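Chemist: Fold the following, please.
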Amino acid sequence: MKIENYIRDIQDFPKEGILFKDITPLLNNPQARTECLKILVDSLKGQQIDKVVGAESRGFFFGMLLANELNAGFVPVRKPKKLPHETISASYELEYGIDTLEMHRDAIQKGDRILIHDDVLATGGTAKAVCDLVTELGGEIVQCNFLMELSFLNGRDKLGKFPIFAALTY
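Modeler: Sure thing, here's the model as predicted:
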């Protein structure tokens, strides 16, 4: 099964000039979803993961599945003022604006082995902000994990030393 057959292109979303990669067909198909999860888990090659950190909001879908599969905790990273407890924050640029992400200050303990997951690696701003939050709390990033990478946007350049895996590359 080719999971790329379950990603559709939406032109000019969320604004003109952006080609959006829509994962809802993948989410809607149990076999494609299972195959995608297998690909993401296999990329870890037996690594011990204590927590999966998922970026709002599309990183939550497979982030929770990965946490379950890896018997790990799940840490949501959200937009400002969505988390009820004490938070830390990081701001970042994305291909169509500027945003901020927050994480609970007590979500990660020093030395926790972390898998960061999001749906897409584009310019790298979101992933870099999540990496900054994790490292600020003392987490050890094992891998940054994505459903897809838009390689022409050079997002991996912002992630420097961290291992990166994408199930699909465009």
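
Chemist: remind me which residues of the chain are low pLDDT?
Modeler: 94-97 (pLDDT under 70).

Chemist: which SSE is the spatially most central residue of it in?
Modeler: The centre of the chain sits closest to D118, judged by CA atoms, centre = their mean, with a distance of 1.5 Å. Using DSSP states H and E, D118 sits within strand 113-121.

Chemist: moving C-terminal of that strand, what's the next helix or strand?
Modeler: As assigned by DSSP H and E, the chain's next helix or strand after strand 113-121 is helix 125-136.

Chemist: Can you tell me which helices and strands the next helix or strand after that following helix packs against?
Modeler: Scanning forward in sequence from helix 125-136 by DSSP H and E, the next helix or strand is strand 140-149. With contacts taken as 3 or more CB pairs under 8 Å, 6 or more residues apart in numbering; DSSP states H and E, strand 140-149 sits against helix 30-42, strand 113-121, helix 125-136, strand 164-169. No exception for glycine: its C-beta is placed from N, CA and C like everyone else's.

Chemist: Figure out which of those is closest to F74.
Modeler: strand 113-121 (9.5 Å; CB to CB).

Chemist: Show me how far that closest one is from its chain's centre.
Modeler: Taking CA atoms, centre = their mean, to the nearest Å, one finds strand 113-121 lying 3 Å from the centre of the chain it belongs to.

Chemist: The residue nearest to the centre of the chain: what's it in contact with?
Modeler: 54-55, 58-59, 63, 126-127, 130, 144-146 (CB atoms under 8 Å, 6 or more residues apart in numbering).

Chemist: biggest separation within those residues, which pair?
Modeler: Applying CB to CB across the contacts of D118, the maximum distance is between R58 and C144, 14.8 Å.

Chemist: more crowded one of the two?
Modeler: Legend: neighbour count by other CB atoms under 10 Å for R58 and C144, higher for C144 (26 against 19).
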